[in-house]
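[1] Sharing a model prediction with you, sequence too.
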Amino acid sequence: MKHLITGGSGFIGNLAARRLRDRGENVRLLDIWADPSRPNDIEFVDSSVLNRDGVAKAMRGVDVVHHNAALVAQTGAGRRYWDVNVEGTRIVAEEAAKAKVKAVIHISTTAVFGIPPASAITSDTPLCPVEPYGKSKLAGEKIMADICARHDIPLITIRPRATLGAGRLGIFQVLFEWIRENRNVYVIGSGENRLQFIHAHDLMDFYMLALDAGKAGTYNVGTDRFGTLRGDLEELVRYAGSASRVKSLPETLAINALRILYYMHVSPLVPWHYLTYHKECHFDVAPLLKMGWRPRYSNTDMLHESYDWYCANAGLRTIEASPHRSPLRQGILWLVKQAS
């Protein structure tokens, strides 16, 4: 089958492209930049999802659309979230309908739930985003669902937890750098909140399972083995042999300070980070386990692997056009690091 992956040079899009290729599928990417490591037999279309002509061209002969293109939370994109995550999704959905594709897989985000509840997030948890990124992604979900329903296109929506694995940088690069340099790392409040991640390979395993099953629906994907934020960070510090310590920041003071620094454009931590970092955030994955999916990595496993990859590749040239595959410009956090 012919697969089109929008945002195919990003962290998840790149993984999906390679997994599909390894299965013998015909893969085409659409993105605004080309990953130089892309295998030659994966086709590339240089276009934004906002370019309707480019999207229409990329849709020709396609059976399955994988919509990954988005401005992610850490870009701090403001009004541009709506352009790409909403209007871009509309264009992709409309052109997919015109091309009469057989199915769509849409990658969304935990941020559509807003401030996470104290209990596990389930299919019944209300969708109530509280910041621009989450609001734009929820609006995109609704547009994709509406257009696919009107044209009888099966739709699989996947909301991953924060994804780790080889090559994952962004906000995690800051954590790994500070631990490697024996700097203290910080949590908002006690750090006793349970925070769930997902390994990229486990995400791809479920992704392919859902694709093969052809079962339309919305799926929240995270590991089934995780602890508290403080506990997982302290374990990573021990694993790294670092002298770093995990220190608590007063909740209200830290959030207000980070909010001010963000609006002053001197901090890379966006509202999604500072409004949820101290909250319980984990999916109930029992429905996925019933489908036969078994995650291989715990939070601890994936943090160890990702940290090892970071240390082994810290001197290599990184992918500057993908936020999740690039180092994060730390801004005022660099000064905090020097004092840690």
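    Alright, I've got the coordinates. Numbers count the residues shown, from 1 in each chain.
[2] Tell me, how many residues neighbour L20?
    22 (other C-beta atoms under 10 Å). In short, each C-beta sits where N, CA and C put it, glycine included.
[3] Could you do V64 as well?
    20.
[4] Also G241?
    That count, for G241 with other C-beta under 10 Å as the rule, works out to 9.
[5] Then N68?
    N68 has 26 nearby residues by other C-beta under 10 Å.
[6] Surely it and I107 touch.
    Yes: contact status for N68 versus I107: in contact at 4.8 Å, counting by C-beta atoms under 8 Å.
[7] which residues are common contacts for the two?
    I12 (C-beta atoms under 8 Å, 6 or more residues apart in numbering).
[8] Show me the strands in this protein, by range?
    2-6, 26-31, 43-46, 64-67, 103-107, 155-160, 162-164, 185-188, 197-199, 217-221, 246-249 (DSSP state E).
[9] between these, which gets nearest to F283?
    strand 217-221 (4.0 Å; C-beta to C-beta).
[10] if we can go back for a sec, please produce a markdown table containing the strands of the chain, extended by mean pLDDT and distance to Y274.
    Shown next, in a markdown table, are the strands of the chain (pLDDT from 0 to 100; distance: least, C-beta to C-beta, whole Å):
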| stretch | mean pLDDT | distance to Y274 |
| --- | --- | --- |
| strand 2-6 | 98 | 29 |
| strand 26-31 | 97 | 29 |
| strand 43-46 | 96 | 35 |
| strand 64-67 | 98 | 28 |
| strand 103-107 | 98 | 24 |
| strand 155-160 | 98 | 21 |
| strand 162-164 | 92 | 15 |
| strand 185-188 | 94 | 7 |
| strand 197-199 | 96 | 18 |
| strand 217-221 | 97 | 23 |
| strand 246-249 | 96 | 10 |
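[11] Next, count neighbours for M208.
    M208: 15 neighbours (other C-beta under 10 Å).
[12] ditto for R259
    15.
[13] you'd agree it is up against Y274?
    Yes: with contact defined as C-beta under 8 Å, R259 and Y274 form a contacting pair (6.6 Å).
[14] Local confidence estimate at R245?
    For R245, the pLDDT comes out at 96.
[15] So P132 versus G140, what's the distance?
    12 Å (C-beta to C-beta, to the nearest Å).
[16] nope, A69 is what I meant
    10 Å.
[17] tell me the contacts of V27?
    H3, I5, G8, A17, L20, R21, I42, E43.
[18] Need the max-distance pair from those.
    Farthest apart among these - using C-beta to C-beta - are L20 and E43, which lie 12.0 Å from each other.
[19] Which parts of the stretch 151-300 of the chain are helices?
    171-180, 200-213, 229-240, 251-263, 271-276, 286-290, 299-313 (DSSP state H, counting those that start in this stretch).
[20] I'd like the contacts of V27 as TSV, with distance to R296 appended.
    Shown next, in TSV, are the contacts of V27 (distance: C-beta to C-beta, whole Å):
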residue	distance to R296
H3	24
I5	23
G8	24
A17	21
L20	20
R21	21
I42	25
E43	31
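[21] Out of those, flag the one nearest to G167.
    Using C-beta to C-beta, the contacts of V27 come closest to G167 at A17, 13.5 Å.
[22] Who has more neighbours out of P132 and G140?
    Set P132 next to G140 and count neighbours by other C-beta under 10 Å: G140 wins out with 28 against 22.
[23] That one and K2, how far apart?
    Counting by C-beta to C-beta - G140 and K2 are separated by 24 Å.
[24] do N68 as well
    Going from N68 to K2 by C-beta to C-beta gives 17 Å.
[25] what's the answer for L164, then?
    L164 is 30 Å from K2, by C-beta to C-beta.
[26] State the mean pLDDT of stretch 283-293.
    97.
[27] Flag the helix or strand of the chain with the lowest per-element mean pLDDT.
    Every helix and strand of the chain was ranked by mean pLDDT, DSSP states H and E. The lowest is helix 333-338, at a mean of 63.
[28] Redo the helices of the stretch 151-300 of the chain as JSON lines? Include distance to R194.
    Shown next, in JSON lines, are these (distance: least, C-beta to C-beta, whole Å):
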{"stretch": "helix 171-180", "distance to R194": "18"}
{"stretch": "helix 200-213", "distance to R194": "18"}
{"stretch": "helix 229-240", "distance to R194": "8"}
{"stretch": "helix 251-263", "distance to R194": "17"}
{"stretch": "helix 271-276", "distance to R194": "13"}
{"stretch": "helix 286-290", "distance to R194": "16"}
{"stretch": "helix 299-313", "distance to R194": "10"}
